[in-house]
Each structure stands twice: as C-alpha cells, then as structure tokens.
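> kindly generate the corresponding structure for this input.
(one chain, ligands or ions: 1)
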Amino acid sequence: MNYNLLKGKKGIIFGALNDMSIAWKVAELAKAEGAEFILTNTPVSIRLGTIDKLAEACNAEVIPADATDTNDIANLVTKAIEKFGKLDFVLHSIGMSPNVRKKLPYDKVNYDFYHKTLDISALSFHKVIAELKKQDAMNEWGSIVALSYVAAQRTLYGYNDMADAKALLESVARSFGYIYGREKKVRVNTISQSPTLTTAGSGVKGIDGLMDFTDRMSPLGNANAEECAQYCITLFSDLTKKVTMQNLYHDGGFSNMGMSYRAMSQYNKSFDNDITD
Ligand SMILES: NC(=O)c1ccc[n+]([C@@H]2O[C@H](COP(=O)([O-])OP(=O)(O)OC[C@H]3O[C@@H](n4cnc5c(N)ncnc54)[C@H](O)[C@@H]3O)[C@@H](O)[C@H]2O)c1
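From the prediction side, this is the model:
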C-alpha cells in the first residue's frame, strides 16, 4: 500500500548497484510514494551494475559521481538544482573497504586502503552534505540519511575497518545535523540496519553465520532491504520533521539484546556437538 508520503518531493539517491542494493529498494519505494529523484553511482558501478534498469523503471536520470571526488559531487548537486530546484531528500547508501576486499585483518590493515575505506564510506557523507549546504540545495525540513551498522558501537567479528568508518559516519551526521539544522532546518540522520544480503553485505566475513545469529537474537528478526527502504521513506517524509542528529536502529531489536532464547538454544546445541564429537 502506498501513502503518497513523498508526493512532490525531489531528491538524490546514491548507491544503487543492482536489485539487491538497499538504495535500489529505496528508489522503488520513493517512486511509488510520489517522489522524483536523480540516481547516482561511480562510473564503474554504473557500467558493471544494472542501475539503468532502475532508472528506466523510476523515470529517473542517472548522473555519475564518485562520492569521494568533490568536483563530481559539485557537478551532481548543480545538475540536481537545475533539474528540480531545491531538494527534499538525499540518501547516502555507500560503503566499501579495500581491506575487507583484500581480506587483510584489522591488525594488519594496509593504511592506504584504510584511508580509502574512511573516504568512501564516511568522509563522502561530509563532502556531500558540505556541497549541498554550499549550493543551498536543500529545502527547509529536508532530510539527509546515511546507512550505518551496529559495528560503530559494538565489535563484531570480521567487520574490520568498516566499523571505524561507520563510527565516523554517525559522528558526521551529528556534527552536520547541528550546523545544518541550526542554519537551514535540514535534518541529518543515520539508520543502523540489520546485516542484509547485498553485494557490500556479502563482503563481510562470515555473513551467513552473522545473519543467522542476529536473526536469532532479535525479537522481531532481521530487517531486510525492503523494510529498510520503508524506514528511509518515513525519514524523508514530513512525519518525522523533528528527528535529527540521530543514529536510528532498524534491526528488529538486536542492538538492545544481550542473549535470546533462540540464540541460547543454538549455542547449547553446539556444546552438545562438541561433547559427542
Ligand atoms: N548489507 C548490509 O549488511 C548492511 C548493513 C548495514 C548497513 N549497510 C550499509 O548500507 C549501504 C549500502 O550498501 P548495500 O548493502 O546496499 O550494498 P551495495 O553493494 O549494493 O551498495 C554499496 C554502494 O556503494 C557504492 N560505492 C562504492 N564506492 C563508491 C564511491 N566512491 N562513490 C559512490 N558510490 C560508491 C557502490 O557502487 C554500491 O552501489 C552501505 O553504507 C552499507 O555499509 C549495509
């Protein structure tokens, strides 16, 4: 069911690579809720992924931009203003760690890669918001959202330097949320999403075991990409006008759990196996 929550709203959606991407689901739902938007990704992701299919379905223009490149971002924001006038929402759905890709563990990271992780996954959020503000691109009560993960607060095996990137990302949301809210009444938040099977998600070491564990631990179970999109839409809507500078957990309750019955049962089974082995 659609509610016309974004009727007449205009935006930019970063990070749709293929139909598993969280940004892809956000774009589909934003369209269904009445929004118009520009889709963007790096030239190589546009070439290797299937964003053109999404663009056709959503009647959206694709403007390439590497989110670490301030010239690309400036060009993107300028074109968005030319097309739409001021914007109402921006989704930052971007993450990548070369250390994770190359399977270098946290205590043996390559520092050039570490810089890249932080630049792509966190500083890019700063760069995007700074450019939006510089070009006065957002309407009052506009909403900017980035996607985060609970590894910003708690250590999870295998998440590597992405944990540091997410901690920085959430801090940027608070710091810019203050300035942009004070000066232009623009909201900035992060959504901390359950582990989700996407191209980026699949790069996390032991993702299947992690997803099973978090699902067992969460009273409501893991949140999937479609459900994440629904939460994003509420944050882009006028129903959440006073929500800003928050990291909002969208994880079925996982972040407030210590141990659940379902996880404990599975844990005990593994002991039985050890004994009989
Ligand atoms: N999948 C999960 O388990 C999970 C959980 C919590 C949060 N997240 C976050 O959700 C966001 C979206 O990831 P996803 O799971 O949909 O995976 P995805 O692989 O579909 O999306 C990641 C996107 O980042 C883009 N990207 C990489 N480098 C870029 C750059 N320099 N400039 C612009 N874009 C760039 C990629 O092209 C891709 O479209 C990420 O921030 C991710 O960390 C994912």
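> I'd say Y3 and E33 touch.
Yes. Under the criterion of C-beta atoms under 8 Å, Y3 makes contact with E33 at 6.6 Å. Heads up, the C-betas are built off the backbone N, CA and C, glycines and all.
> quick one, which of the two is more surrounded?
Just comparing Y3 and E33: by other C-beta atoms under 10 Å the higher neighbour count belongs to E33, 19 against 13.
> and the gap between that one and the ligand?
Look at E33 and the ligand: by C-beta to the nearest ligand atom, to the nearest Å, they are 19 Å apart.
> top helix in the protein by residue count?
helix 162-184 (DSSP state H).
> ok, K9 - contacts?
34-36, 88-89, 236 (C-beta atoms under 8 Å, 6 or more residues apart in numbering).
> then T68?
If you count contacts by C-beta under 8 Å, 6+ apart, T68 has them with 119-120, 123-124, 127.
> of those - the most surrounded one?
S124 (27 neighbours).
> ok, that residue to the ligand distance?
Distance from S124 to the ligand, by C-beta to the nearest ligand atom: 6 Å.
> same thing with R262?
On the measure of C-beta to the nearest ligand atom, R262 and the ligand end up 20 Å apart.
> how many residues are close by that residue?
16.
> drop anything exposed from the contacts of K9.
35-36, 88-89, 236 (16 or more other C-beta atoms under 10 Å).
> near the ligand, which residues of the stretch 51-200 of the chain?
The stretch 51-200 of the chain has residues 66-68, 93-96, 120, 147-149, 193, 195-196, 198-200 near the ligand, with proximity defined as C-beta under 6 Å from any ligand atom.
> ok, of the residues you listed, which come out buried?
Buried among these (16+ other C-beta under 10 Å): 66-68, 93-96, 120, 147-149, 193, 195-196, 198, 200.
> please identify which pair of those lies farthest apart.
Distance extremes for those: the farthest pair is D66 and P195 at 26.1 Å, using C-beta to C-beta.
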